[in-house]
Structure formats: structure tokens, C-alpha cells
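[1] Generate coordinates for the sequence data below:
(one chain, ligands or ions: 1)
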Amino acid sequence: MAKREFPLEKTRNIGITAHIDAGKTTATERILYYTGITHKIGETHDGASQMDWMEQEQERGITITSAATTAQWKGYRVNIIDTPGHVDFTAEVERSLRVLDGSITILDAAAGVEPQTETVWRQASEYNVPRIVFANKMDKLGADFDMSVKSLHERLDANAHAIQMPIGAEDTFEGMVDLIEMKAYLYDEDKLGSEWDTVEIPDDLKDEAQKRHDELIEAVADVDDSIMDKYLEGEEITKAELKAAIRKATLNLEFYPVLAGSAFKNKGIQMMLDAVLDYLPSPLDVRPYKATDPDTGEEVELKADDNKPFAALAFKIMTDPFVGRLTFIRVYRGSLESGSYVLNATKDKRERVGRLLQMHSNHRKEIEEVFSGDIAAAIGLKNTTTGDSLTDPKHPLHLESMEFPEPVISVSVEPKTKADQDKMNNALQKLAEEDPTFKAETNPETGETIISGMGELHLNIIVDRMKREFKVEATIGAPQVAYREAFTKPTKAQGKFIRQSGGKGQYGDVWIEFTPNETGKGFEFEDAIVGGVVPREFIPSVEQGLKESMANGVLAGYPLIDLKAKLYDGSYHDVDSSEAAFKIAASIALRNAAKTADPVILEPIMKVDIVVPEENMGDVMGQVTSRRGNVDGMETRSKAQLIHAFVPLSEMFGYATTLRSATQGRGTFSMSFDHYSPVPKAIQEEIIKKNGGNAE
Ligand SMILES: Nc1nc2c(ncn2[C@@H]2O[C@H](COP(=O)(O)OP(=O)(O)OP(=O)(O)O)[C@@H](O)[C@H]2O)c(=O)[nH]1
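    Below is the predicted model of the structure:
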């Protein structure tokens, strides 16, 4: 048996989250550089980045895939789970947040908190992820550290406090004062940030530094009783006490330490790494992961412990051109040796773990065993998909899984040559295995292949990957909105199916009460049959029949969602009743119900954030309204306005071009799916007509 290399308390599983372009990739690379893994500093704008290994990521300059990378710092193991910054990939962000223990939020110090920072911050809060903040780009024109800290309070309502004070800003940014140690760090420009001088605080900064140090102590006293007592008594608070109190409050999500730096100019990265060790949790500090015992239904808390039965979550599937299918796992409990068997408790299948790998940004290390708290990649798992529980075969457990949003946008794809059809289907299947927010299906009537995802960029990247990794050239159709259908009124309906044709006939008869379900609650089926009027063996067929016909909708062929169905009456025939007959009866009941349930078509509504120069405000607001959008709020950002709006996805196609021409290229926007809402009646009719709908 291999020995654990790093004790649990010296392990950190962290993510780095940021608004697009705040400098996440640059900061990650500097971390890898200073922790000794890479020996060359790659600039993202040169396309030589280590983390962004996928070709089109380099071209687009954005990070798409969460790669888990292992680094070492001062005797600690730091696993970095990369998270994407683009809103089309929020599912990736959520997936990473689920398996990491702490996170670094990177801000552009010239912009402070930006729209995407808010989204990711909220997600991190939902998953109880403690955070430290790195105000990056202190060297940039307009960099303002205090504004950045203030924006954390104002825009995120976060109890964030500076533990450093930058020395200089913009092109005079030289280093920082450590407000805990009360020392200054001055960087040597020529040494690429690998060396700095620790010196006494320069005289002209002493007063300001002291003032900020006192403010920090007050802020910590506010969240820590023992510090408060000492503070009130006028007793000295040691550095160790201060740090311990900050750690405790950070782990409790009551405090967010803020640091300053410039990834690009190689400043502040080492202090940020120190802060990761000092203030972010080890796997022992996080609240235990929840699981349920599938046999007893009992809830189990998974505390990190190597001596207990193995339990891990598969959080990411990747196809690697060299080693094949990699399953990234986070081990919550126990340990696992390569070559051994695990139970995929979600799919109830035994799987053999052939090899175990630890991923570094530019090489992989084969390991013999993984321990609780570790993140690693397993090779050999054939049936495992994202979100599955992998456990000791003798101790099956269902780990709390992840929920992924349903795709909101679709396009048809067609291979350039007919001969490529099989290759394309294979490629799409592989890509769908990797990405739970991406779906591919073939329309049985037209034979067309339809792919669906979270946004136009998401689908473009899929098609791009198909070309590069699977060598399939494909053309794509115009984007289509993934509409849904829903009942709006409760109703009861009968479905009766009788066929008499010579020998054995068919007989199924059901009465079902339908009620609209709460948004997002999906389909719920209730069996309320008494006295055996529908025999038990046919009841699952009724549920199945409903599910199948809901998939094809009642108005225009879009999936019917959020519905409760209660089977409360029916009848059967001793000889002629069958599962098939009850399935058909159920679908007839659904069609009948549609006549009185006032069904509607729902469309995805996007949350859109638009940043525009002051002088274009009027035009842009007009664009939002003419696209059936609602403005939800406005904020002033230095010399620009930020408009929050909700706009139907169908109205957002091609918006990038419209915005660009209205603002001479200065406006930017981001959007993400927010909710489904009924389309106006006139549009509903148009959609039904276009689809040759089945409404009456
Ligand atoms: N002036 C300055 N520019 C920086 C700094 N850090 C990063 N940049 C630049 O900002 C741009 C974006 O940096 P990235 O590291 O790619 O940002 P990112 O957050 O990973 O971006 P996405 O992957 O698109 O989310 C690049 O041109 C960097 O060179 C910094 O500290 N100062």
C-alpha cells in the first residue's frame, strides 16, 4: 500500500473564479511557475498558455474546460481546479464548485466586481465555498484597490477586508504592505517576480498602514469574540491570533480577506499562495459531504478518513487524445488503489480502475493510490458519467449529485459528406458524455441531427472540437430556441383505448387528474388507485405512457414540463388488457386533458448584462425594449452604464452585431439562462403554425 504523501491538513483543493479577462489564466500560470511545475512563463495573449491546452481555447483566449492541476507550495499540496469565466459554461463552474473546498476570486482592480463575478460569487455562496480575493491588474491604468474592496461590499454584500495595502498603483505599483506582519514587500522588476525584499514599511506609508492595520483588527473583532474581548481590554493581539481568527471567520464565510497584485507583472502571487494555506480550508475543515445509503435510505456524512470505505464523486469526463477516457474524481472518504474495483452506485455497475493519474499542467504522474481529500483522474471506467458515485463495492452510497440545466438552444448539424455521418454520431456521443449540458439527438421523422446546449458559443465550440479532435467537418443550421410546453390549469381527463380485431383485443382505460407543478419540479406521478380498478402491473405503463407523450408536447411538439399526474380511476378487461394498451390509454388521457388545461408554450428568458458608454444608453435601452426585453436595473460603472435586463433568447440572436454597431464596438454584453416564461399568444400561434402543430 502506498503512503499518503501529504497529510490532510496540508491539502488544499481550490478553484479560481473570475469575470472574463480578469486574469485567471495568467494568475494560474504564475502559480504553476512559482510552485515549480512550469519553467516558462506563458502569456495568454501569446497563446502559449499551459492551462489552456485545448487549441481553440488558445485561439479564443478563454478557458473552457476545468482541468485539475496539482501543485506544491511550502510542503502543502494544492490542487487547482480551473473554472471557466464565460457564462455559457456556468454548469462547468458549478461542477467545479461542488468538488473544491475553497476558492480565489480574482478581480480586475480597475473594474472591481463585474457581472460575472457576481454570478460566480453567488454560486460559491450556495455551495458554502470560503473565498479569498485577489485584486489583480494593480499595474493597469485606472487600478483602484480601495474601489475594488468597496465594490465587494456594495455589489456582493460581502464582509471583505484588505489584509494588504498596495504600494503605488498603475505604472508605479511596486509591491504591498502586509497589514498583519506590518512589513513591506518590494519586488525586484528584473527577477520575474521570483524575488522581493521584505523591508520596514517606508516612512511615508507608516501612518496609512497603521490606520489600515487597526481597521483590520476592528473588522476581525466584529466576527471573533476573543479578538473583540482583547481589543476592548486594550490587550495586544498577536499576529498568530489575528491570522487564526481570520482563518476561522473565512472558513465560516463571515470574512473575505483581500490581497493586491499583478499576475502579469509577477507581483503578489506568492503571498496569494500563502493566503491559500493560511485561510482556505483543508478537506478536514469543510462540512462533510452528504450521501445516502441506497439500501436503508439513511443519510450518511462523509468525513475525510482514509480508513473508512471508499466514496468518491466523478465530476468530469474528458477524452484525452493519448490516454483515452479520463474520469476526474474527488475522493471524499477512504482510499483506492489502481487496478482495483469500484462500484458505480449510481448505475449499479462494477468498474475496474485501470490506472490513476495526477494531472500537472504539462505532464501526468501515474500514482498507485488515491486518498480521501484527493483529486485525481482514473482511467478504465467505461460506464461512469459526470455526477456518478463511485464507492467500495461492499458499501454502496449515493453521493449528493449535481444538477445541470437543460439546454436552451439547438441547431441542426450535417456532416459535409454522407460518409461522415457515423463518425459524427460517434463524436457527438463522446462530447455529450463529457458535457452534461450538451445533448445530441436525431429527429426520427427528418433524420436530421440536432445538437442542443447552453448558448451559441457553447455549440460553436462543440462543432469546432468535432472538427479538430474527431476530424468531422459539419455545417450547422440557424439556432433554434428550445421551447417547452406547460399546462396552466388543473384538469381531469379520461383515456380509453379499446381495439377489437379478431383474436385478442386491447383494452386500457384510465382517469387522470393533472395539475401544473411548481417551476423546475418536473414530472410527478401519483398512484391513487383503490380497489384494483387498474391492476398494479399496469400502473408503471401508465406513468411510462405519460412520460413518453409529454416528451412530444401537446401544442407544437416541445416537451411538456412541470406537471403532476394523479391516476385515480380506470377499468380493465380480464383478457384484453396489456401494458401496451395502458400506455396508449395514458397518452390519450394527456391529449384529452390538453383541451381544457390551457397549455402554453414557454420560452427561455435570458439574464442579460450590457455594459455601454453613457452616450449610447438611450439607443441600447431601445434595443432591449424592441426585443421584448425588460430592464431590471442600472448601475454606473466608471464612465459606463451597466444595464441588467431579461430578454427572450429568441430575440437575442445576432445581438452582438447590433450592439457593436450601436456603440462603435465599445459595448459588451453577457447573458445566461434565467427562467422559462410563456410566450405571448400571437407568437405562440406562429410557433404552432410553423411546426404544423397538433393543437386543435
Ligand atoms: N495589466 C495587466 N494585465 C493583465 C494582468 N493579468 C492578466 N492581464 C491581461 O488580461 C488579459 C486576460 O487575462 P487572462 O489571464 O487570459 O484572463 P482570464 O480571466 O483567464 O480570461 P478568461 O479565460 O477569458 O476568463 C490578458 O491579455 C492578460 O495579459 C495584470 O496583472 N495586469
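
[2] Show residues contacting the helix ranked longest in the chain.
    For the chain, the helix with the greatest residue count under DSSP state H is helix 203-223. Here helix 203-223 makes contact (C-beta atoms under 8 Å, 6 or more residues apart in numbering) with 159, 161-163, 165, 167, 177, 179-180, 182, 184, 201, 227-228, 231, 237, 242, 245-246, 249, 252, 254-255. C-beta coordinates here come from the backbone N, C-alpha and C atoms, glycine included.

[3] Now restrict those to buried residues only.
    With neighbours counted by 16 or more other C-beta atoms under 10 Å, those contain buried members at 159, 161-163, 165, 167, 177, 179-180, 184, 201, 227-228, 231, 237, 242, 245-246, 249, 255.

[4] So which of the residues you listed would count as near the ligand as well?
    Here nothing survives when those are matched to the ligand using C-beta under 6 Å from any ligand atom.

[5] picking up where we left off before, buried residues, the longest helix of the chain. List them.
    Buried-residue list, helix 203-223, by 16+ other C-beta under 10 Å: 209, 212-213, 216-217, 219-221, 223.

[6] Give the next helix or strand downstream of it.
    helix 225-233 (DSSP states H and E).

[7] what separates E445 from L560, distance-wise?
    Distance of E445 to L560, computed by C-beta to C-beta, to the nearest Å: 19 Å.

[8] Tell me which of the two has more neighbours.
    L560 (25 against 7; other C-beta atoms under 10 Å).

[9] Mind listing the residues bridging to that one?
    Counting by DSSP bridges, L560 is bridged to E485.

[10] pLDDT score assigned to it?
    On pLDDT, L560 comes in at 95.

[11] For it, give its distance to the ligand.
    Going from L560 to the ligand by C-beta to the nearest ligand atom, to the nearest Å gives 37 Å.

[12] surely that residue meets L546?
    No. With contacts counted by C-beta atoms under 8 Å, L560 stays clear of L546, the gap being 9.3 Å.

[13] Between these two, which contacts overlap?
    Common neighbours of L560 and L546 (C-beta under 8 Å, 6+ apart) are L590.

[14] Which strand or helix spans P540?
    Here P540 is assigned to helix 539-551, by DSSP H and E.

[15] ok and the following helix or strand past that helix relative to helix 539-551, angle-wise?
    Downstream of helix 539-551, the next assigned helix or strand under DSSP H and E is strand 563-571. Relative orientation of strand 563-571 and helix 539-551, computed by axes from the mean of the first three to the mean of the last three C-alpha atoms, to 10 degrees: 130 degrees.

[16] which stretches of the stretch 401-550 of the chain have low pLDDT?
    502 (pLDDT under 70).

[17] The ligand contacts on that one?
    Going by C-beta under 6 Å from any ligand atom, none of the residues of the stretch 401-550 of the chain are near the ligand.

[18] just the strands in the stretch 401-550 of the chain please.
    Along the stretch 401-550 of the chain, the stretches classed as strands by DSSP state E, counting those that start in this stretch are 409-415, 439-442, 449-453, 474-476, 480-481, 484-486, 491-499, 506-516, 523-527.

[19] OK, contacts around R287?
    N128.

[20] Contact partners for K183?
    With C-beta under 8 Å, 6+ apart, K183 has these contacts: 177, 198-201.

[21] didn't S670 look like it was pressed against P115?
    Yes. If you go by C-beta under 8 Å, S670 and P115 touch, sitting 6.0 Å apart.

[22] Can you name the residue of the stretch 151-300 of the chain nearest the ligand?
    F264 (3.2 Å; C-beta to the nearest ligand atom).

[23] again, but for the stretch 451-600 of the chain
    Closest point on the stretch 451-600 of the chain to the ligand, by C-beta to the nearest ligand atom, is L457, at 11.6 Å.

[24] Please work out how many residues are found near that residue.
    What L457 shows, counting by other C-beta under 10 Å, is a neighbour count of 16.

[25] Partner strands of the longest strand seen in the chain, with direction?
    With secondary structure taken from DSSP state E, the chain has its longest strand at strand 600-613. If you go by DSSP bridges, strand 600-613 pairs up with strand 484-486 (antiparallel), strand 640-648 (antiparallel), strand 668-678 (antiparallel).

[26] any chance of those in a markdown table, plus mean neighbour count?
    What follows is the strands paired with strand 600-613, written out as a markdown table (neighbours: other C-beta atoms under 10 Å):
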| stretch | mean neighbour count |
| --- | --- |
| strand 484-486 | 23 |
| strand 640-648 | 20 |
| strand 668-678 | 18 |
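
[27] would you turn those into JSON lines with distance to S151?
    Output for these, formatted as JSON lines (distance: least, C-beta to C-beta, whole Å):
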{"stretch": "strand 484-486", "distance to S151": "37"}
{"stretch": "strand 640-648", "distance to S151": "12"}
{"stretch": "strand 668-678", "distance to S151": "17"}
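
[28] Lowest mean pLDDT across those, which one is that?
    Mean pLDDT per stretch puts strand 668-678 lowest among the strands paired with strand 600-613, at a mean of 84.

[29] now it and strand 409-415, what's the angle there?
    Going by the same axes, to 10 degrees, strand 668-678 makes 100 degrees with strand 409-415.

[30] I'd like the next helix or strand past strand 668-678.
    Once the chain leaves strand 668-678, the next helix or strand it forms, by DSSP H and E, is helix 681-690.

[31] which strands and helices sit next to that following helix?
    strand 600-613 (3 or more C-beta pairs under 8 Å, 6 or more residues apart in numbering; DSSP states H and E).

[32] ok, and for the strand it packs on, which residues are buried?
    For strand 600-613, by 16+ other C-beta under 10 Å, it's 600-612.

[33] Now the element after that strand, going C-ward?
    Next along from strand 600-613, by DSSP H and E: helix 617-626.

[34] export that following helix as PDB, just CAs?
    Output in PDB follows, covering the C-alpha atoms of helix 617-626 (Å, rounded to 0.1, in the frame of the first residue of the first chain):
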ATOM      1  CA  MET A 617     -27.600  54.400 -23.200                       C
ATOM      2  CA  GLY A 618     -30.800  55.600 -25.000                       C
ATOM      3  CA  ASP A 619     -30.200  53.500 -28.100                       C
ATOM      4  CA  VAL A 620     -29.300  50.400 -26.200                       C
ATOM      5  CA  MET A 621     -32.400  50.700 -23.900                       C
ATOM      6  CA  GLY A 622     -34.500  51.000 -27.100                       C
ATOM      7  CA  GLN A 623     -32.900  47.800 -28.400                       C
ATOM      8  CA  VAL A 624     -33.800  45.900 -25.300                       C
ATOM      9  CA  THR A 625     -37.400  47.000 -25.300                       C
ATOM     10  CA  SER A 626     -37.800  46.300 -29.000                       C
END
